[in-house]
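Q: I'll drop the sequence and a predicted model, then ask my questions.
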Amino acid sequence: MKDGAMSTSMTARVVPLLLALVALALVPLVMRDYFLHIAIQILLWGFIYTSWSLMGKFGLVSLGHGAFLGIGAYIPALLWNYQAVTPWLGIPLAVLLAMLLALVIGYPCFRLRVIGHYFALVTLALSQVVLLTIVAARDITGGSLGMTLRTVGHSWYALQFPEKTVFYAIALVVWGAGIVVWHWVDRGMGRAALEAIAEDEGAAAAIGINVMREKLRVTVTSAALTAFGGALLAQYLLYVNPDSLSGIAVSLQIVFAAIAGGMYSALGPTVGGLFTIALPEILRIWFGTNFVGAANTIYGALLVVFIVFMPRGIVGLIESRLPRRAAAAAKPAASG
Amino acid sequence: MDIYLLEAIINGILLGGVLALLALGLNLVFGVVDVVWICYAELVMSGMYAIYWLNVFYGWPILLACLVAIIGVAGLGLLLHLVIIAPILGSAPINQLLATGGMLFFLQSLATLLFGTDFRNIGLRLPIIELGDIFISFSRLLAFGAALLGAILLYLFLAKTYLGVAIRAIAQDREIMGLMGVDQRRIYLITSAIGGALAGLAACLLVLQYDVHPFIGLSFGPITFMICVLGGLGNMIGGFVAAFIMSQIIAIGGFFFSIEISYVLAFVLFIVLMFIRPQGILAR
């Protein structure tokens, strides 16, 4: 009986999921380039926000993901522009570097119980270090003016595609993979361990949880995925800029989007991506260039409103309003 | 000693003065209310814009504009606490951090909307003092003096007045204070106002030296946080000392390498020091 109930509820969830995926896959056929451009950015940024939320939902709030994003964006770009190294090598290298950085920062932090405010501010310092380093090395990186990637047209070797449809497919696959990873972390033993750690680190250690390993694992994973997302963004936009891909501003943007969308659910951060990409675009079109900054002002005000009134984000709000089918199905199983 | 190195050191000390003032304000609010105002630098920016506008557009005398700015930003601090911090005092610290972060965006964008992204300067040209081969900008000296004065006044307030003692006591033990007959809420509001006023004072000092633009907060905001954490979050004396340590790193690093590399060094050193002594170098 229990298996039957499980499989019908599984099918009930898988079918709409498949339909949604098919719909998403068919999007390029009906959308114009501009909307595809927006969709690609929502998917890539959604992937980045989801990667952050892997850590964030367990209380490991990093204000330094701009560091990993910047590394992921700049290293393959620099290697390509200066040494003609294919992104197929450059990107894994950048991801490895980001993972290393996460280890270097994470290990002392977790060993010395640097948590909460202190952890947030140490990670913030990290993102600033990366930004300032990129700017200081302006002879190579172009500094605050940014750097354009050397374009070669349509090329798998260089991972560049002028046609948006190809990148849309890549973005969709990557985004989907991010959601899968989110579910892995959510379903695995790691989740229970991390939740225990988030609640009471001392108690968690006392019952045998390897606090250091769990924290490091999720941190390194989050850093790796964020760097990967940054690399893809660079490959798509073919332009990198330290202020938009590293530093405190983008770090805060990541945190906000994940929280505004709802970091306790799989699709939450992506909704946050919709919010952070689509809203400024809509406001920009609406206001034109008359009121530069109006979009961000509204955005900032909304963020504050979100934190104060909707701490579980948009998706959290919606989820709390949905009928409790899962709870109802669980009751007979518990009493049976 | 190389005369230019001496000049760098002196300028570092002068810079440290203003940074110390900023750190004092941030530490005060954190020590009492237990919230980090991520948007502190943007409060300073608001003060700078206020002074610019009153002085350049309405022709107010600079001292009057400064006074109004100090009161104005104090009010802004008050509002910040009332509208944003107070409702979420009970929630996770990260939410409080992010709420003030939202204010950071809001204030930056509002400034862009109202004033555009141009760099604004109040055009006040204060003399440069020459001591032998060393050039010291008078505005820097003035800023240092005013910052020191502000710090002394704050110290006297906290040490000698009833309110000051209550503020320090709350910072030590939040729960007991209610039993001692102190209105917690009132103390928070007053502290927020003082924090704002210190930001306003910093604005007066900074506007003499730098151009104001919507993103100027990013130039000294992160450094201020680092200074506070380095000195021990909430530790006023620690923050004061750390400010001068950081400013010397920036000044001397700028002398030997470049100003940008010196900032990288400062942040890297911060991270390293965090690992050596996570509570801050002068932690309680």
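A: It's in.

Q: what's near enough to touch A:Lys164?
A: Contact criterion Cβ atoms under 8 Å, 6 or more residues apart in numbering or on different chains gives A:28, A:33, A:36-37, A:40 as the residues in contact with A:Lys164. C-beta here means a position set from N, CA and C on the backbone, and glycine is covered the same way.

Q: Those in helices, which ones?
A: Cross-referencing those against helices under DSSP state H gives A:28, A:33, A:36-37, A:40.

Q: Just the buried ones from those?
A: Neighbour counting with 16 or more other Cβ atoms under 10 Å in any protein chain shown marks A:28, A:36-37, A:40 as buried within the ones in helices among the contacts of A:Lys164.

Q: contacting residues for residue 266?
A: With no chain named, the answer covers chain A. A:50, A:179, A:182-183, A:186.

Q: meant chain B, my bad for not saying
A: Neighbouring residues of B:Ala266 by Cβ under 8 Å, 6+ apart: B:223, B:226, B:246, B:249-250, B:253.

Q: let's see it at 10 Å
A: A:125, A:128-129, A:132, B:222-223, B:226-227, B:230, B:245-250, B:253-254 (Cβ atoms under 10 Å, 6 or more residues apart in numbering or on different chains).

Q: With A:Ser51 instead?
A: A:Ser51 neighbours (Cβ under 10 Å, 6+ apart): A:65, A:68-69, A:178, A:181-182, A:221-230, A:254, A:258, A:269.

Q: go on, A:Asn210?
A: A:193, A:197, A:204, A:216-217.

Q: circling back to that earlier point, tabulate the contacts of A:Lys164 (a markdown table), appending pLDDT and distance to chain B.
A: Listed next are the contacts of A:Lys164 as a markdown table, based on pLDDT from 0 to 100; distance: Cβ to the nearest Cβ, whole Å:
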| residue | pLDDT | distance to chain B |
| --- | --- | --- |
| A:Pro28 | 70 | 33 |
| A:Asp33 | 80 | 28 |
| A:Leu36 | 85 | 28 |
| A:His37 | 88 | 23 |
| A:Ile40 | 91 | 24 |
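
Q: from those, which two are the most distant?
A: By the measure Cβ to Cβ, those have their two most distant members at A:Pro28 and A:His37, which lie 11.4 Å apart.

Q: in the chain, which ranges drop under the pLDDT threshold?
A: This is for chain A. By pLDDT under 70, the low-scoring segments of chain A are A:1-13, A:289-291, A:311-336.

Q: To clarify, I was referring to chain B.
A: Low-confidence segments of chain B, defined by pLDDT under 70: B:1, B:279-284.

Q: again, only this time at 80
A: Low-confidence segments of chain B (pLDDT under 80): B:1-2, B:90-95, B:122-127, B:129-135, B:171-182, B:233-234, B:274-275, B:277-284.

Q: And the strands in it, which stretches?
A: B:128-131, B:134-137 (DSSP state E).

Q: between those strands, which gets nearest to chain A?
A: strand B:134-137 (24.4 Å; Cβ to the nearest Cβ).

Q: Parallel or antiparallel, list what pairs with the closest one.
A: strand B:128-131 (antiparallel) (DSSP bridges).

Q: List the buried residues in the strand it pairs with.
A: Under 16+ other Cβ under 10 Å, strand B:128-131 has no buried positions.

Q: what does it contact?
A: Contacts of strand B:128-131 (Cβ under 10 Å, 6+ apart): B:3, B:6-7, B:10, B:135-141.

Q: Quick one, which of those are buried?
A: Among these, those that count as buried by neighbour count (16+ other Cβ under 10 Å) are B:7, B:10, B:136-137, B:139-140.

Q: Take those residues and write them to CSV, including distance to B:Leu114.
A: As requested, the buried ones among the contacts of strand B:128-131 are exported to CSV (distance: Cβ to Cβ, whole Å):
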residue, distance to B:Leu114
B:Glu7, 38
B:Ile10, 37
B:Ile136, 35
B:Ser137, 29
B:Ser139, 26
B:Arg140, 29
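
Q: buried residues in the strand or helix carrying A:Ile170?
A: Assigned by DSSP states H and E, A:Ile170 falls within helix A:164-187. By neighbour count on 16+ other Cβ under 10 Å, the buried set for helix A:164-187 is A:164, A:167-168, A:170-172, A:174-175, A:178-179, A:181-182, A:185.

Q: again with stretch A:281-294
A: A:283, A:293-294.

Q: Alpha carbons only: can I get that stretch in PDB?
A: The C-alpha coordinates for stretch A:281-294 follow below in PDB (Å, rounded to 0.1, in the frame of the first residue of the first chain):
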ATOM      1  CA  GLU A 281      14.600  44.900 -17.600                       C
ATOM      2  CA  ILE A 282      10.900  45.600 -17.300                       C
ATOM      3  CA  LEU A 283      11.500  48.700 -15.300                       C
ATOM      4  CA  ARG A 284      14.200  49.800 -17.700                       C
ATOM      5  CA  ILE A 285      11.800  49.400 -20.700                       C
ATOM      6  CA  TRP A 286       9.100  51.200 -18.800                       C
ATOM      7  CA  PHE A 287      11.100  54.100 -17.600                       C
ATOM      8  CA  GLY A 288      13.400  54.300 -20.500                       C
ATOM      9  CA  THR A 289      16.600  56.100 -19.800                       C
ATOM     10  CA  ASN A 290      14.800  58.900 -18.100                       C
ATOM     11  CA  PHE A 291      15.100  57.600 -14.600                       C
ATOM     12  CA  VAL A 292      18.400  55.800 -14.400                       C
ATOM     13  CA  GLY A 293      18.400  54.100 -11.100                       C
ATOM     14  CA  ALA A 294      14.600  53.900 -10.700                       C
END
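
Q: Pull the most distant pair out of the buried ones among the contacts of strand B:128-131.
A: Based on Cβ to Cβ, the longest span within those runs between B:Glu7 and B:Ser139 and measures 15.8 Å.

Q: ok, back up a step: can you tell me which of the contacts of strand B:128-131 is nearest B:Met45?
A: Distances from B:Met45 to the contacts of strand B:128-131, taken by Cβ to Cβ, are shortest for B:Ser139, at 18.0 Å.

Q: can you list the residues of the stretch 51-200 of chain B near chain A?
A: B:83-88, B:91-117 (Cβ under 10 Å from any Cβ of the partner chain).

Q: Buried only: go through the residues you listed for me.
A: B:84-86, B:88, B:93-113, B:115.

Q: Among those, which are located in helices?
A: Using DSSP H, these in helices are B:93-113, B:115.

Q: Name the nearest residue to A:Ile197, sequence neighbours excluded.
A: Of all residues not flanking A:Ile197 in the chain, A:Ala204 sits nearest, at 4.6 Å (Cβ to Cβ, 6 or more residues apart in numbering or on different chains).

Q: should've said B:Pro93
A: The nearest residue in space to B:Pro93 (Cβ to Cβ, 6+ apart) is A:Gly116, at 5.6 Å.
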